[in-house]
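A.B. asks: This is a predicted model, with the sequence first.
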Amino acid sequence: MSREEEIKKIRIEKIKRLEEAGYKAYVNPEKVKQDLTLFEVLENFSDLEKNKEKKNLVGRILVKRGAGKISFVKFTDGTEDFQAVLKEDVLSKEKMKEFEKLFDMGDFAGFYGSFFKTEKGQESILVEDFSMLTKSLLPLPEKWHGLEDIEEKYRKRYLDLISDKNSYNRFILRAKVIKKIKEFLDSENFLEVETPILQNQASGTLAEAFKTFHKDLGIDMVLRIALEAEHKILMAGGYPGVYEIGKNFRNEGSDPTHIQEFTMLEWYRAYRGLSYNMDLTEKMLKEIAKEIFGKTNFTLKNEKGEKIEIDFAGDWPRKNFNDLVLEHGKTDLTSASREEKEKKALELGGDKNEISKISDGNLADFIYKKTARKKIINPTYVLNYPASLKPLAIEKKDGTAEVCQLVVGGAEITNQYGELVNPLKQREVLERQAEAKEGGDLEAMDMNEDFLTAMEHGMPPMTGTGIGIDRLVAIFTEQENLRDTIFFPILKPEKKEISQKEAEKKYREKKIIVISDESLGYGITANALCQLGISIGGFLDSNLIFGEKSFKDADGNNHRPDGLFGMSNLSGDQKQMAYFIEKCIEAKIEFFDFSEIMRKAHTDLEMKKGYADKKTSEVGYIAVGALVPKDFEKEFLSKLKLFGA
């Protein structure tokens, strides 16, 4: 039995003892007596002490000290921390014993009494009576220094909040930032709007979407990747300015500065241009810094882990994209040949195969990010990006777009556009994007006829802004990781230990089937089977290990156990492997494969394009596999011979 299980067992036993002593372990909220919050107590402590007023206070027990004739309790109600003092000569020996034995750290309790200061000057309540409100069964983090395991902190945010005051206050600051943004934009006569998260197609930026299915309508749908298209459609309806703070979802990589589910602010203003946009953004962010955080200087770390000071005061410079690349990358994008740009990108660590295939715009952006962006520390507007990177912005004659990005601490904080409202040019741009998507670029935009139709009815000249709230809060609260500004960041499900009984049950219920094409030769097939094993072990949401995690030999070295599930290695041809996958899809079973596409590809982009060009039955499988129920496709699988037989 683990330590937590032992504590839980003891505390469950205490519930019965509490009831026997006349307490309720879980009180109806209607019965809770709270006369003042702890914040109000501290604000009015002198009067409360002077007038000898008696009040009911409530909160969660954080610390218990002392025993016998006197106990000191630190507790919190979420507004402040406070101290309760329990004395035997005020209560009774029996009551003191009940509190000591039945009340634990983490419990929610009520305290009734008068106010005084201890000899050390600590504001306190002298307890004349106490009650249990909620009995906790599991303990708070030990030693009162917060959770040390970073992933555990994200997974059990409630423990992080109760044990780390800095974390607790950080999310209050986040709420204040969002409130301030709304108040600011409301005062500028923007209308707050709501647009759908569940959409027929992704639109508004270059990104891969999460896909889902609408059972009632019987249609494929996606989670939105941006707010832009719907906002501009609303502007066609006549509103002079709109804004929204909402969730976006992008099915792409994650790191400390990127996460797939994030909060975005977007706003649009009719009859105004990029200069107005930059002025308004600067004004808003400076007000947030001064009013909420009381300062304009913030400390962050660069990519090397070195501390950098960011100053939001003063005028924010506006610099040209090409000029920055020339200054920091020693490359003139206006005159350099494609060959010269590729050579520069390779010098900066670019992958040769990737660099040779990406667009001129993405190539320029790669050089910019590797040379110039990371050197921009204080808030700086970078203007005139390559037009191909900004398909919803106005394209200028020199091939750049009417856009800017605010860069702070080497990271992009905003995207700001002079919005394209010409439906003929917008159609041309989206047609090119649609072609790119058909060619395997999963991040290219779809053709959006609803958006184009609205534009054909007429949209006013306008400017728009997008700001990542999580990243903005990370800067203001001086955090390196966006996950420290998000209550519940996305995590892989925790792999929980399973009992011997559960393991045996699993073993009886399922098995792993692997089918491979022996005719391709043992070298190719052996490689495929190894690759397939990595895929199954790395991505399957099941605990594949039976019992012990390792075994020691006579020399003390560890040996990993085999899999929990039985495995059948079968031999099959292309048609049979495609049939197996088809049946897995029908049964909603996750399948794994290694194909000719994977064997020949050198990059993820090549694999993306290879699979995008093939139907599921035409992929060219070398090996396929899945964790399936014991009786899955019994008749079909019985016809396949064992691999190597």
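C.D. replies: Everything's here; your move. Numbering: from 1, shown residues only.
A.B. asks: which SS class is the residue most central in space within the chain?
C.D. replies: Nearest to the mean C-alpha position of the chain, by Cα atoms, centre = their mean, lies Pro489 at 3.7 Å. Following DSSP: H, G, I helix; E, B strand; the rest coil, Pro489 is assigned to coil.
A.B. asks: State the pLDDT value of Val408.
C.D. replies: Val408 is assigned a pLDDT of 94 by the prediction.
A.B. asks: In the sheet, which residues pair with it? Tell me.
C.D. replies: Beta-bridge pairing for Val408 (DSSP bridges): Ala411.
A.B. asks: I figured it hits Pro379, correct?
C.D. replies: Yes. Between Val408 and Pro379 there is a contact under Cβ atoms under 8 Å: 5.1 Å. Placement of C-beta: from N, CA and C, glycine included.
A.B. asks: who has more neighbours, these two?
C.D. replies: Neighbour comparison, Val408 and Pro379: the larger count goes to Pro379, with 25 against 22 (by other Cβ atoms under 10 Å).
A.B. asks: And the nearest residue to the more buried one once chain neighbours are set aside, how far from Pro391?
C.D. replies: Once flanking residues are discounted, Pro379 sits nearest to Trp316: 4.5 Å by Cβ to Cβ, 6 or more residues apart in numbering. To Pro391, Trp316 is 26 Å away according to Cβ to Cβ, to the nearest Å.
A.B. asks: likewise Gly439?
C.D. replies: Following Cβ to Cβ, the distance that separates Gly439 from Pro391 is 15 Å.
A.B. asks: So if I had to pick from these two, which one is more boxed in?
C.D. replies: A count of neighbours by other Cβ under 10 Å puts Pro391 above the other of Gly439 and Pro391, at 21 against 11.
A.B. asks: OK, contacts around that one?
C.D. replies: By Cβ atoms under 8 Å, 6 or more residues apart in numbering, the contact set of Pro391 is Leu206, Val429, Leu430, Arg432, Gln433, Met445.
A.B. asks: For the helix or strand harbouring Lys344, C-alpha coordinates in CSV please.
C.D. replies: Per DSSP states H and E, Lys344 falls inside helix 338-347. Below are the C-alpha coordinates for helix 338-347, written out as CSV (Å, rounded to 0.1, in the frame of the first residue of the first chain):
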residue,chain,number,x,y,z
ARG,A,338,17.5,32.2,-54.4
GLU,A,339,20.8,30.3,-54.4
GLU,A,340,22.4,32.9,-52.1
LYS,A,341,19.4,32.8,-49.7
GLU,A,342,19.5,29.0,-49.5
LYS,A,343,23.2,29.1,-48.8
LYS,A,344,22.6,31.5,-46.0
ALA,A,345,19.8,29.3,-44.5
LEU,A,346,22.1,26.3,-44.6
GLU,A,347,24.8,28.2,-42.8
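A.B. asks: in the stretch 301-450 of the chain, which segments are predicted with low confidence?
C.D. replies: Residue ranges of the stretch 301-450 of the chain with pLDDT under 70: 440-443.
A.B. asks: quick one: the helices in it?
C.D. replies: Per DSSP state H, counting those that start in this stretch, the stretch 301-450 of the chain carries helices over the ranges 321-329, 338-347, 352-357, 360-371, 423-438, 449-457.
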